[in-house]
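Colleague: got a predicted structure plus its sequence, pasted below:
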Amino acid sequence: MKLRTSRLLRELNAGANPCTLKLNLNDPRIIELAGLAGAAAVWLCNEHVPNDWTNVEHQVRAAKLYDMDTIVRVSKGSYSEYVKPFELDATAIMVPHVTTAEEARKIVEMTRFQPMGRRPIDGGNIDGAFCQIPMVDYLKHGNTEKLLILQIESPEALANVEEIAAVPGFDVLLFGPGDFSHLIGKAGQVGDAEVVAARKRVAEAARKNGKHLMIPGMVAPRSELEAEGWRIFNLGADVLSLGAAFNKLVSDYTGSAAAVPAAVYNSKS
């Protein structure tokens with residue numbers, strides 16, 4: 001029996017820059033639409049969006065129908081919050097608001113098996129083929145095909161980003177321009193010079209320490225972001241696309257101006 005490998009890692013290792021879509025709506029059929037569009041991964045959110053574990057498992061299952069990875073942004077909490085998405089066979093977890101290297105080391109310890117960490121072993125879920133694969137294969141797969149994504153999105157985290165990036169055992173840094181701009185008193189100003197400088201500092205720290213880079217929206221021209229080293233691009237969110245489409249339908253009918261949803265997930269430079 002062969003466990004599924006990460007599409008994000010396959011594309012990154014092949015030199016491609018994969019794209020993702022962020023989904024706030026919980027219907028697995030939305031996942032299938034993302035798969036039909038050709039996205040490499042979907043980004044689910046347990047930080048801000050109400051969802052339950054059974055439905056997350058259905059969403060992960062729908063993604064795998066299209067060979068898509070699933071990234072679950074976890075709630076800040078105990079190791080169970082971090083490990084359970086992996087046991088549902090999500091490819092990656094994204095941990096919001098990581099602030100210190102010590103916190104990064106603790107996340108690695110909770111979510112990686114030996115010798116990298118101290119993740120509790122079960123194997124009786126789909127990520128371990130319900131105990132139908134050798135333990136050694138399960139542990140190796142958990143350490144090599146499951147991704148850890150840490151979010152840098154505050155001035156405090158930026159001050160420590162070089163130390164955070166140097167922590168071994170995680171794969172990706174994501175810069176959050178929405179929260180960062182908010183916390184410096186410039187909410188939503190993702191093109192502000194201070195925000196751009198922070199973005200570039202995160203990129204430099206990641207590159208120097210061999211970590212991949214993910215950006216939550218097209219906050220600058222693609223060529224500019226790629227030159228900085230960003231390689232995983234989130235292109236938008238379901239609620240924004242649906243909101244824009246609904247607004248246009250109604251405005252075309254009524255003859256009024258259509259409101260454009262605003263968020264960093266679809267920002268233009």
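Modeller: Yep, that arrived. Numbering: from 1, shown residues only.

Colleague: show me where the protein has its strands.
Modeller: In chain order, the chain shows strands spanning 19-22, 41-45, 69-73, 92-95, 147-152, 172-175, 212-215, 232-237, with DSSP state E as the criterion.

Colleague: so in that sheet, which strands flank the third one, and in what orientation?
Modeller: Yep, that's strand 69-73 we're talking about. strand 41-45 (parallel), strand 92-95 (parallel) (DSSP bridges).

Colleague: can I get the ones you listed in CSV with distance to residue 207 and mean neighbour count?
Modeller: Where you see a C-beta, it was placed from the backbone N, CA and C, and this is true even at glycine. Converted to CSV, those look like this (distance: least, C-beta to C-beta, whole Å; neighbours: other C-beta atoms under 10 Å):
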stretch, distance to residue 207, mean neighbour count
strand 41-45, 21, 25
strand 92-95, 20, 24
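
Colleague: do you know which of the ones you listed lies nearest residue 232?
Modeller: Shortest separation from residue 232 across the strands paired with strand 69-73 is recorded for strand 41-45, at 8.0 Å, computed as C-beta to C-beta.

Colleague: pLDDT of that closest one, averaged?
Modeller: If you average the pLDDT over strand 41-45, you get 97.

Colleague: sorry, back to before: out of the strands paired with strand 69-73, which is closest to residue 103?
Modeller: Closest to residue 103 of these, according to C-beta to C-beta: strand 92-95, at 8.4 Å.

Colleague: about what we covered before: could you dump the strands of the chain to CSV with distance to residue 35?
Modeller: Listed next are the strands of the chain as CSV, based on distance: least, C-beta to C-beta, whole Å:
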stretch, distance to residue 35
strand 19-22, 10
strand 41-45, 8
strand 69-73, 11
strand 92-95, 17
strand 147-152, 19
strand 172-175, 21
strand 212-215, 19
strand 232-237, 14
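
Colleague: hang on, the earlier thing: of the strands paired with strand 69-73, which is nearest residue 132?
Modeller: strand 92-95 (23.4 Å).

Colleague: quick one: contacts of that closest one?
Modeller: Residues external to strand 92-95 that are found in contact with it (C-beta atoms under 8 Å, 6 or more residues apart in numbering): 6, 8, 41, 43, 69-74, 76, 82, 85-86, 107, 111, 146-151, 171-172, 174.

Colleague: export that strand to CSV, keeping only CA atoms.
Modeller: Listed in CSV are the C-alpha atoms of strand 92-95, where the atom choice follows Å, rounded to 0.1, in the frame of the first residue of the first chain:
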residue,chain,number,x,y,z
ALA,A,92,-0.1,20.6,5.8
ILE,A,93,-1.0,22.6,8.9
MET,A,94,-0.6,26.3,9.1
VAL,A,95,0.0,27.8,12.5
